[in-house]
Every structure is written in structure tokens, then in C-alpha cells.
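Peer 1: I need the structure of the sequence given here:
(2 chains)
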Amino acid sequence: MGSTRTGGRSGVRWRAAAATCAALVAAPTIAACGSEDGIQINVYYAPEQNFQSVIDKCNEQAGDRYEIVYRTLPRDADGQREQMVRRLAAEDSDLDILGLDVTWVPEFAEAQWLEEWTGENRSDAEAGVLEGPLSTAMWEGKLYAATKNTNVQLLWYDERVTPEPPETWREMIDMAKDLKSRGEPYEILFTGAQYEGLVVTYNTLVSSAGGKILSDDGTEVVMDQGAIDALELLKEVASSGITDPSLTNAQEQQVQQAFEAPDSNSAFELNWPYVYAAIQEANPERAEHLAWARYPGIDGPSRVTVGGYNLAVSEYSQHKPEAFEAALCLRSPESQKFSAIKDGVPPTIESVYTDETPLDPDQPEDAANNPSMATAYPMKEVILEELEDAAVRPLTPVYQNLSTITAKVLSPPAEIDVEETAQELRDGLQKALESKGVLP
Amino acid sequence: MSQQTVESGPAATPAEPAPRKGKPALSEGKRAERRLGWLLCAPAAIVMLAVTGWPIIYSVWLSLQRYDLRFPDQREFVGLENYVAVLSDGYWWTAFGVTVLLTVVSVAIELVLGMLLALVMHRTLVGRGLVRTVSLIPYGIVTVVAAFSWFYAWNADTGYLADMFGAQAPLTEQIPSLLIIILAEVWKTTPFMALLLMAGLALVPDDLLKAASMDGATAWQRFTKVMLPVMKPAILVALLFRTLDAFRIFDNIFVLTKGANDTSSVSMITYNNLIKGLNLGIGSTMSVLIFIAVAIIAFIFVKLFGASAPGSDQEGRR
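Peer 2: Have a look, this model is predicted:
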């Protein structure tokens, strides 16, 4: 083996290696600029059964100017947020429209990942939207997203067990104890596991008691008397033997299943409207007697935490004007009505609730084939009533931290020590607000 | 990855004498060959440095800053403040305690079960291949998939195991959750332990065992006085690998409890701060602390117990 030949060969190797490296470095860029023919608007949104139909309709409207593509995010909220956050932190230009849970807007806006809605886009996105849901799309007075759908929990009950629904928690607790002593189904079901659902429950209780967790600008911990009263109530409910024994494992799905079970021991369920459609198949017998009412209050009427989704345009999108237009179409009154009827997600635009025309306005109304809001959404009045006086979870960029700490401190609800837990919450939340503390 | 290292062990030993012979005089051709060798290694070495060295340095740099992705404008150098914040925090120490507990208990159980399994695999006369393959199945199943099976088996609504033991909801309490995590870990990695130990068992000469039994040693004595001393290097390597692995436990906990009810490990809490909390400063501090802990574990095993990498000189000397 001559040295010159060896040297020559190693030179070739070097070049080959350099080429490989260059290819490795360049690969993501090539992949990123893939679709040259026509503009593609990628919508990153949670799984929703009939959302593709909404997208198809908007694509028809867009003609050949752009094509909206549905990129399905994971089913759980943490997974959705994580994927988007990871890609936005890397300034991924593939993301055009983001489906954000109502609690994420301040966080994404503060991180400068969202394009502000201004001018005509803003006035279109705000037109006729209920106040509670709209406030979740704002941060520091600016609009960063358009509301797509909202959500509120209702009180679901079995009219055979309790012909008259309770109006306050006090009444509900007394009724449950009374039912238990008479050997009838008595349990009060709500989301009590250590996760966001417990925070939603607590937030509703605090607002209903007229209290506050954070100051209005979201910079200071308040934890006033209402927040203390809510702790006391939560403890009482969880420790008086009137809930499901696996309360600390109960997320929405477990709550729903426990109420649907054939031998269910439950009288009351606090859950989102989707349970209405779910119980029809799971337990048709109980579905016939299923009734709903406004979420129970504390002194006066309840103030219920809103959920739902907003659509935002990514700062790194290459096609912002088209993305705004597409987002407006995806959440237009027609689209919201379609999603409400087909997927059971409550609209954020008030006029949709009173819309009486069926899905296909040219055909006669028919519950099975051509439903309207009235036939597919019988609880819409109660939802609207709750929405008109809704509670919003604290608006702050560090909501994720607040939520993690709150869920942790409140778990398990039966072991709350009012004074101590309140202090623990105050300390933990203050640290979380400064984003300095360690998350559990 | 670690499995490959082990398997290449025996093969590497006989190959070693070759370079030693070439040491005394280097002809021009040899030198050129050696240079070529370096050049061929260089791309791999550079890539290795880029993908391991740089991230480590970068995490250390991040850990010295206040850097929350949500507040890009507030980024600043804070020295060791993050370390003070983490090391004075109760959540971190709870997670650290849980991690140490899980590591010690699961590795101890794995060692005992792994040894038994290795003996069985070593001694089997009939269907040796089948026995070995079957016992490796748990190790071949993706951890997350296995963890989901355990999760559903122990879930109050869907689980046959939860029903069988009459447990209400074992994954909602700390101690039962930890036991289930240990069970899942042990089930999953005992075959790996057994595989490493079997490699050690193969090193025990049959003559030695026969001589011992001629001298009247009982089976137990042969095991403790002959096999264990000969196997010591293999056992230490197995323990080292498993301890390092177990200390970084993440997937089982992520699926089984998500860290609820004080079952977070240090990796889990790091993930929560770094990926969920977007706090690059605090999260990187935790990564660096885990790195240090792992380095200490490796140091203890290598320097104090004298564990050596398979195929290295010390092992060959035996």
C-alpha cells in the first residue's frame, strides 16, 4: 500500500464525509421548503371527528389560492402543547395555524410566538363573541387568537333519583347524604385527579364564592376569602363519603363512565356537554332520564370555568395573510354551528345559539338526518346562561406552572387542611408567577 | 446500546495483541496506515463530540442563566442561583429519594432474579435456544408498550390484576404505585441482567467446579466460593449498567403515574421543568445534576469496586 495512494484515498474519504455532513445539516431545510406548488396552510389542531369537513368547506371557499391541511395533534392537552412548544421554540415555519387551549394564549403571546390580530381581521374575529371566551384570546389588551369553540361544565342528574336539581353545593351535599341514608344512588362525581380537571373544579368553586386566586392583571397572588371558602367546600365534599371512592383517579372520562355504568351509584355528575352524546350509546336506559341544570352555585348562581379552543397564527408562518383568512373561515358562525351539531363543541358566537335553521337550510329539519341546534343541542340554553356569566382561569403566561402547583397542593382533596393548604398555595403560586420555583 | 458493548466484549479481547506487536518499529507504510486510521476515525470522533460534547457544555451554560422560554427578554446570567433553587427545593429531594429507592430496590431484585435466570439458561440441556429466546421476550418489548399493559392491568376499571388483588385504585397511592413501577422495571430488565450474568457464567471453567466438588464442596459452596469470585467482574459490570439505567428511569413512571402522588423520578421532574415548564435554566440545572449523579455512580463502581469495561485489560488478566 503506497503512501500516495493512501493519501489520495483519505482525501476522497474526507470529501465524502464533508458531503455527508453538509447533507445532514441541509436536510431539514430541504424538507421545510417541500411544497412549492401552491400555498399550504397547516392547521395544528386537536383531534376532532368532523373538523376535516369544516376544512374541506373552507378549502372550497379558498379556491386555488391556498390549501388548508389538517395536522392532528395528540389527544391529551399536555401532548398538544408540548408538540407545538417544541416546534415553535425551534422556529418551525411549517406551523401556520395553531389550535390553542384557552389557557395557553398568554403564554404563547408572551413568548412572541403569535402574530397579533389587527384591523379588519380583529374586528371579524371579535364580532358577536361572548365576553368570557373572548377574554381568553387576549393578552395585555391585544387580540392574539380567534375563538373557535368554548366549553362549560353542567350539572347532569337522573330525574328518577332527584326530580328537582340542587341549585347550590349545600343543597347538593344534603341531598346526597339523604339519598345515601335511604340506600339510593347518591354519589357526586367530579374531576378530582391530580391534573388540570381538579384546577377547573377549584377555579369554578372560587369564582362561585366570589373569590379570586390571582389579581386581575395576573401578577400577584390574592387567595382571598372566597378562595379559602372554596378550599373548605372542596374538603367537605371529598371527605364526607358522598363521592366516588376513586375520586383521586377521576378524570373526565372516569367521571363519565362512572355515571353511565349500569349499576351506577351516582346521582350527580359535573362534566362537559359531550357526556350527553356519550351516554346515549353507553346506557340508553339512563340516557332517557338524563337531565341537566346549571352548575350548582355557592351563595348565588355559579360562575363556571370556560374551556375550549382558540385559533392563532404562528409568528413563524410564511403565509400569514392566508393563515388569518383560513382561521377566520374555520371559526365562522357556519363552521361553529356545524362543529356544535356534529362534534358537540359549544360555539363562542352568541348568535349561533339562537340559529334555528337546520344544517342544510334547503331541506326540512329532521333530528336524524338534518339536525339543527335545537334538535342536536337541547342543553344550549343552560350553556348560554352559564357562558354569559362565566369564570376564566387566571390569565398569565405561567398558567402551566400555576396549574401544576395547584393540582399538586390540592391533592388529595380529602386531606386539605384549609389554613395550611392556603398558605402552601400562596407560596407555591407566588414562586410560579416569578417562574423561579421548581415544578413538581 | 449497552448490550452491543457487552457482546463485542469477548470478541475484542483476542484482537488486542495485534497493535502491540507493531509497537517497536514503525515503518513508513505503518505510519501512513496509522495516519489513515486517524483520518478515518476523525469524522466519527467529530460527530461524537458535536452531538455529545456540545450539548453537555451548552446545558452547563444554560444552567447558569435565568432563561424561561416564555420570557425571552428576561434572560440573564445568574451564576449558581438555579443550583441553589433546585437543591433547596423539597420536590427535587423527594424525586431524588424516590429515584434512589427505585434504583436500589429494583437493581437488587434484578440481580437475584437475573442470577437465577442465568443459571437456568446456562444449565438448560434441552431447548437451550428456545429457553433463552423466551426469557428475553420482556426485554424485547418496547418499554412504553409494556408500561401501558401494566397500567391497564392495575387500573381499577379495566384491570385484572387490580381485581385479583382487590385493590381499589393502586396507582393513586404512593407506595402501591412505587411497587408497581418496581415490578414493571424488574419484569422488563431482568432478562438483560441475566444475559450479562450468563456471559460471566460462561467464564467459570468446568474443571474448577469439578475439582471443587471432588474436594467435597456443596452446591452452595461451589456457587459462593468458586463461581461468584470468578464472575465478580461480570457482576460488577452488570450492576453498573443497570444502576446507571435505573437512575435515569422515565418511561415507566411517565406512563404509569405521570409522577402523581410523589412518584416522580429526577428525570421526570427535569422533563416537567424543561419541556412542560419551558424553564431552560432550572431544567438544565437538573440535567447537569443528574449527569453529576451518574458520573458519581460510575466513579464508585469503577474506582472503588474495580468494575471494568468488558474486554479491557483488567478483565483479560483474570
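
Peer 1: Okay, buried residues for stretch A:174-182 please.
Peer 2: For stretch A:174-182, burial by neighbour count (16 or more other Cβ atoms under 10 Å in any protein chain shown) applies to A:M175, A:A176, A:L179, A:K180. (Each C-beta comes from the backbone N, C-alpha and C, glycine too.)

Peer 1: So which of the residues you listed sit within helices?
Peer 2: Cross-referencing the buried residues of stretch A:174-182 with the helices (criterion: DSSP state H) gives A:M175, A:A176, A:L179, A:K180 as the overlap.

Peer 1: Name all residues that make contact with the residue nearest to the last one when sequence neighbours are not counted.
Peer 2: Among residues not flanking A:K180 along the chain, A:Y186 sits closest, at 4.0 Å (Cβ to Cβ, 6 or more residues apart in numbering or on different chains). Listed by Cβ atoms under 8 Å, 6 or more residues apart in numbering or on different chains, the contact set of A:Y186 reads A:A176, A:K177, A:L179, A:K180, A:I242, A:N265, A:S266, A:A267.

Peer 1: A:L95 is in contact with A:R86, isn't it?
Peer 2: No - with contact defined as Cβ atoms under 8 Å, A:L95 and A:R86 do not form a contacting pair (10.7 Å).

Peer 1: For the two, indicate the residue with more neighbours.
Peer 2: Per other Cβ atoms under 10 Å in any protein chain shown, whichever of A:L95 and A:R86 has more neighbours is A:L95, with 23 against 12.

Peer 1: State the pLDDT value of the more buried one.
Peer 2: Taken from the predicted model, the pLDDT recorded for A:L95 is 95.

Peer 1: SS state for it?
Peer 2: Taking DSSP: H, G, I helix; E, B strand; the rest coil as the rule, one finds A:L95 in the coil state.

Peer 1: Repeat that for A:N121.
Peer 2: When the structure is split into helix, strand and coil by three-state DSSP, A:N121 lands in helix.

Peer 1: Not counting its neighbours along the chain, what's nearest it?
Peer 2: In space, and not counting its chain neighbours, A:N121 is closest to A:F324: 4.8 Å by Cβ to Cβ, 6+ apart.

Peer 1: Counting neighbours, what do you get for that neighbour?
Peer 2: Applying other Cβ under 10 Å, we find 26 residues neighbouring A:F324.

Peer 1: mind listing what it touches?
Peer 2: A:E115, A:W117, A:N121, A:V313.

Peer 1: Which positions within the helix or strand where A:P133 lies qualify as buried?
Peer 2: Under the criterion of DSSP states H and E, A:P133 resides in helix A:131-135. Residues A:G132, A:P133, A:L134, A:S135 are the ones in helix A:131-135 that count as buried (16+ other Cβ under 10 Å).

Peer 1: picking up where we left off before, in which helix or strand would I find the residue nearest to A:N121?
Peer 2: A:F324 belongs to helix A:320-330 when elements are defined using DSSP H and E.

Peer 1: Just the mean pLDDT for that helix, thanks.
Peer 2: Averaged across helix A:320-330, pLDDT comes to 96.

Peer 1: do stretch A:236-250 and chain B meet?
Peer 2: Yes - for stretch A:236-250 and chain B, the contact criterion (Cβ under 8 Å from any Cβ of the partner chain) is met by A:P245, A:S246, A:T248, A:N249.
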